[in-house]
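**Q** Turn this into a structure:
(one chain, ligands or ions: 1)
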Amino acid sequence: MDLKTSNSPVIADPLPKLALPSAVMTYTTPTSFPSTGLYLNTPKKKPLPGKIEEVRAAGWLDLMLASSPPRKRQTKDFANDVQADELDLLYRNWVVNHPSALTSFEDIVNLARGKRLALFLDYDGTLSPIVDNPENAVMSDEMRSAVKHVASLFPTAIISGRSRDKVFDFVKLTELYYAGSHGMDIMGPVRKSDSSGQHVECIRSTDSEGKEVNLFQPASEFLPMISEVYKKLSESIKDIDGARMEDNKFCVSVHYRNVAPHDYGEVHQRVTAVLKNYPCLRLTHGRKVLEVRPVIDWNKGKAVEFLLESLGLCGKEDVLPIYVGDDKTDEDAFKVLKANSIGFGILVSSVPKDTDAFYSVRDPAEVMEFLKKLASWKEEST
Ligand SMILES: O=P(O)(O)OC[C@H]1O[C@H](O[C@H]2O[C@H](CO)[C@@H](O)[C@H](O)[C@H]2O)[C@H](O)[C@@H](O)[C@@H]1O
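**A** Purely as a prediction, here's the structure:
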């Protein structure tokens, strides 16, 4: 297959060998902040919005209202049906540019032939369906065995916004690599090259099975600050019906999925009011969730690069990394694969979205089908 046809991601020059983490050390460290060396140069903050209208003006309220695709229609209603037909049409147009990884499976196989695949999987909305209570986002046994199966064939990692321990409790597979807190807590393999001092910032540790692993936690100096902010935010939002906090170790989630839309502005206002005293924390936005995290130049994309490097798969022409994810934070990983033309992303979405992923699937059920197909193909071809 011609890799440069417009219907396939262009897999060209491999990623130049990364010198992680020193590649991200060029940022200046404000003296009053912890000295992790990975700070982002953020623009000066705008004044905090004081009223709900100002929250809207800042664009956050619209983002909060639009976050996460609408639920399936419950009623038979003409206006709803027209809107749904329009959405279907938009989706059909969008999928032309982001073809289904299932219907384009042959193209993917053609790209993968003769290459070593590396799989990176997001958790929520990718391996488990989105549910109202984050504690209930369990993975089905069928999905677990599909992931276990691919992990026996390709190096596979889960990269989640949740804390690493929590995502492991859901997945329960020791054969995977895990990156929690949006990549700020990575448990990866120990490389022979580590003895030459390549990953100076890693801590040698052992996993639950006693296997030697490398721990990489670029935001460890923020831990006391994050737990302080967690307490303050919990106190601040406790009277907002449906608002819920989640401690993700190196970041904090403020969930508003179960909050009435007229209170969204209030949630945002309370969060920004607490954060104004923490200039080295920043706010990002996911699916009905506001996320507080350290201002360091580290994200899921950097975690993918780091893991590829740790696995000895970086800069190799015969390696094809695939990243599957559903959320904004996964875009950092899609971007890395696209920018370096080394692999491609698969966006999990049933509605059109602006994305750097090349392929798409509609939901976790399709993710599972894709993983099963990949495993069968690999087994048949060997
Ligand atoms: O990177 P991920 O593994 O996708 O984690 C991102 C966030 O996922 C979880 O929240 C989302 O899923 C919940 C359960 O389905 C849902 O209730 C919530 O509205 C979604 O935003 C998780 O709870 C967060 O901590 C993660 O940051």
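**Q** Next, count neighbours for the residue lying closest to Glu366 once chain neighbours are set aside.
**A** Excluding its sequence neighbours, the residue lying closest to Glu366 (CB to CB, 6 or more residues apart in numbering) is Leu102, at 6.1 Å. C-beta here means a position set from N, CA and C on the backbone, and glycine is covered the same way. Using other CB atoms under 10 Å, Leu102 has 17 neighbouring residues.
**Q** Which residues are in contact with Leu102?
**A** Residues near Leu102 by CB atoms under 8 Å, 6 or more residues apart in numbering: Val361, Glu366, Glu369, Phe370, Lys373.
**Q** can you put those residues in a markdown table and add neighbour count, secondary structure and distance to the ligand?
**A** A markdown table is the format used below for the contacts of Leu102 (neighbours: other CB atoms under 10 Å; DSSP: H, G, I helix; E, B strand; the rest coil; distance: CB to the nearest ligand atom, whole Å):
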| residue | neighbour count | secondary structure | distance to the ligand |
| --- | --- | --- | --- |
| Val361 | 25 | strand | 15 |
| Glu366 | 18 | helix | 16 |
| Glu369 | 16 | helix | 19 |
| Phe370 | 23 | helix | 17 |
| Lys373 | 16 | helix | 22 |
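**Q** Quick check: phi and psi at Asn97.
**A** Dihedral pair for Asn97: phi -90, psi -20, per degrees, to the nearest 10.
**Q** secondary structure class for the residue nearest to Glu366?
**A** Three-state call for Leu102 (DSSP: H, G, I helix; E, B strand; the rest coil): coil.
**Q** Specify the beta-bridge partners of the residue lying closest to Phe222 once chain neighbours are set aside.
**A** Excluding the flanking residues, the one nearest Phe222 by CB to CB, 6+ apart is Pro294, at 4.3 Å. Bridge pairing for Pro294 (DSSP bridges) gives the partners Leu281.
**Q** Give me the distance between Pro294 and Met225.
**A** 8 Å (CB to CB, to the nearest Å).
**Q** Helix, strand, or coil at the residue of the chain found nearest the ligand?
**A** Residue nearest to the ligand within the chain: Gly161 (2.7 Å; CB to the nearest ligand atom). Taken by three-state DSSP, the conformation at Gly161 corresponds to coil.
**Q** What parts of this structure come near the ligand?
**A** Neighbours of the ligand within the chain, by CB under 6 Å from any ligand atom: 122-125, 130-132, 134, 137, 160-162, 246, 248, 253, 255, 257, 286-289, 291, 327, 329.
**Q** which among the residues you listed end up buried?
**A** Buried subset of the residues of the chain next to the ligand (neighbour count, 16 or more other CB atoms under 10 Å): 122-125, 130, 134, 137, 160-162, 246, 248, 253, 255, 257, 286-289, 291, 327, 329.
**Q** just checking, which of those residues belong to strands?
**A** When DSSP state E is applied, these are split such that Glu246, Ser253, His255, Gly286, Val289, Glu291 fall in strands.
**Q** Which two among the residues you listed are spaced furthest apart?
**A** Glu246 and Gly286 (11.2 Å; CB to CB).
**Q** what residues are shared contacts of those two?
**A** Counting by CB under 8 Å, 6+ apart, the residues touching both Glu246 and Gly286 are Ser253.
**Q** Looking at Pro294 and Met225, which has the bigger crowd around it?
**A** Neighbours were counted for Pro294 and for Met225 using other CB under 10 Å; Pro294 has more, 28 against 16.
**Q** Which residues are in contact with the more buried one?
**A** Thr36, Met184, Ala219, Phe222, Met225, Ile226, Phe250, Cys251, Cys280, Leu281, Arg282.
**Q** With pLDDT and secondary structure added, can I get those in CSV?
**A** Formatted as CSV, those follow (pLDDT from 0 to 100; DSSP: H, G, I helix; E, B strand; the rest coil):
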residue, pLDDT, secondary structure
Thr36, 49, coil
Met184, 97, coil
Ala219, 96, coil
Phe222, 97, helix
Met225, 98, helix
Ile226, 98, helix
Phe250, 98, coil
Cys251, 98, coil
Cys280, 96, coil
Leu281, 98, strand
Arg282, 96, strand
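**Q** Adding distance to Gln269, write those out as CSV.
**A** Formatted as CSV, the contacts of Pro294 follow (distance: CB to CB, whole Å):
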residue, distance to Gln269
Thr36, 29
Met184, 26
Ala219, 26
Phe222, 24
Met225, 21
Ile226, 21
Phe250, 25
Cys251, 20
Cys280, 21
Leu281, 16
Arg282, 17
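**Q** Leu283 reaches Val289, doesn't it?
**A** No - at 10.8 Å, Leu283 does not count as touching Val289 under the criterion of CB atoms under 8 Å.
**Q** so where do the helices sit in the stretch 1-150 of the chain?
**A** 52-57, 60-66, 78-97, 105-112, 141-153 (DSSP state H, counting those that start in this stretch).
**Q** Least confident of these, on average?
**A** When these are compared by mean pLDDT, helix 52-57 comes last with a mean of 58.
**Q** where does the protein dip in pLDDT?
**A** Counting by pLDDT under 70, the chain contains low-confidence residues at 1-58, 69-77, 79, 192-200.
**Q** who's in contact with the most centrally placed residue in it?
**A** Central residue of the chain (CA atoms, centre = their mean): Asp330, 3.6 Å from the mean position. By CB under 8 Å, 6+ apart, the contact list for Asp330 reads Asp122, Thr126, Lys300, Tyr323, Gly345, Leu347, Ala357.
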